[in-house]
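Novice: could you look at this predicted model? Sequence included:
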Amino acid sequence: MIRFLVPALFALLGLSASASTSNLSKDGLALEGFDPVSYFRPEAKTEGPQTGNPSFQVTQNSATYRFASESNKQEFLKNPSKYVPAFGGWCAYAVAEKKEKVEVDVKSFLIQDGRLLLFFNGIFADTRDKWLHTKSTPAAKFLQDADAHWPEVKNKDS
């Protein structure tokens, strides 16, 4: 039952509000200014990602990324595709299950198969929890489905 209510609640709350391939702020900022490299550090699991500094930023494919340090910026520049969030920074669960773009809580994340996945987390749903704990669908299957759906979803209006 809840599985069917989630998309309706997303729509009701206006949680999908962009037609962009990437989930960016009005001024093109990715990850609400959090440092994409910091998500991959072990301490991110307990402390969360680090806030980026406007002094250390890079624009990549129309998205501006901020970094906590010059060394994180340089690490990103060596291999941007490693650090850019999967599915344009939209909710991985929504891409997998609903073929939709849904806003995320940038502090609700998971590194799976070396990729940064972001999730919606609000009053009505914690999609990261669903991704990790749905007995009928393992996380690997969700990721497989999201990868299969993304070519169709990425250019959709939301």
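Specialist: Okay, I see it.
Novice: would you mind identifying the next helix or strand past the lowest-mean-pLDDT helix or strand in the chain?
Specialist: Every helix and strand of the chain was ranked by mean pLDDT, DSSP states H and E. The lowest is helix 2-12, at a mean of 41. From helix 2-12 onward toward the C-terminus, using DSSP states H and E, the following helix or strand is helix 44-47.
Novice: in whichever helix or strand comes after that following helix, what counts as buried?
Specialist: Following helix 44-47 in sequence order, the next helix or strand is strand 53-60 (DSSP H and E). The neighbour-count check on strand 53-60 (16 or more other Cβ atoms under 10 Å) flags 53, 56, 57, 58, 60 as buried. Yep, even glycine has a C-beta here, placed from its N, CA and C like the rest.
Novice: excluding its backbone neighbours, what's nearest the fourth one?
Specialist: Read it as residue 58. Nearest in space to residue 58, with sequence neighbours left out and distances taken as Cβ to Cβ, 6 or more residues apart in numbering, is residue 65 at 5.3 Å.
Novice: can you name the residues that contact that neighbour?
Specialist: Going by Cβ atoms under 8 Å, 6 or more residues apart in numbering, residue 65 touches 30, 31, 35, 36, 52, 57, 58, 59, 76, 83, 84.
Novice: how about it, phi and psi?
Specialist: phi -110, psi 140 (degrees, to the nearest 10).
Novice: roughly how far does it sit from residue 93?
Specialist: In this view, residue 65 and residue 93 are 23 Å apart by Cβ to Cβ, to the nearest Å.
Novice: would you check how far apart residue 48 and residue 100 are?
Specialist: Distance, residue 48 to residue 100, by Cβ to Cβ: 26 Å.
Novice: repeat that for residue 132.
Specialist: Taking Cβ to Cβ, one finds residue 132 at 20 Å from residue 100.
Novice: the more surrounded of those two?
Specialist: Per other Cβ atoms under 10 Å, whichever of residue 132 and residue 100 has more neighbours is residue 100, with 21 against 15.
Novice: show me this structure divided up by domain.
Specialist: Using automatic domain parsing, the domain parsing of the chain gives 1-23+85-158, 25-83.
Novice: next, the residue lying closest to residue 86 once chain neighbours are set aside: phi, psi?
Specialist: Counting by Cβ to Cβ, 6+ apart, residue 86 lies nearest to residue 115, which is 4.6 Å off, once chain neighbours are set aside. Residue 115 has phi and psi values of phi -120, psi 140 when expressed as degrees, to the nearest 10.
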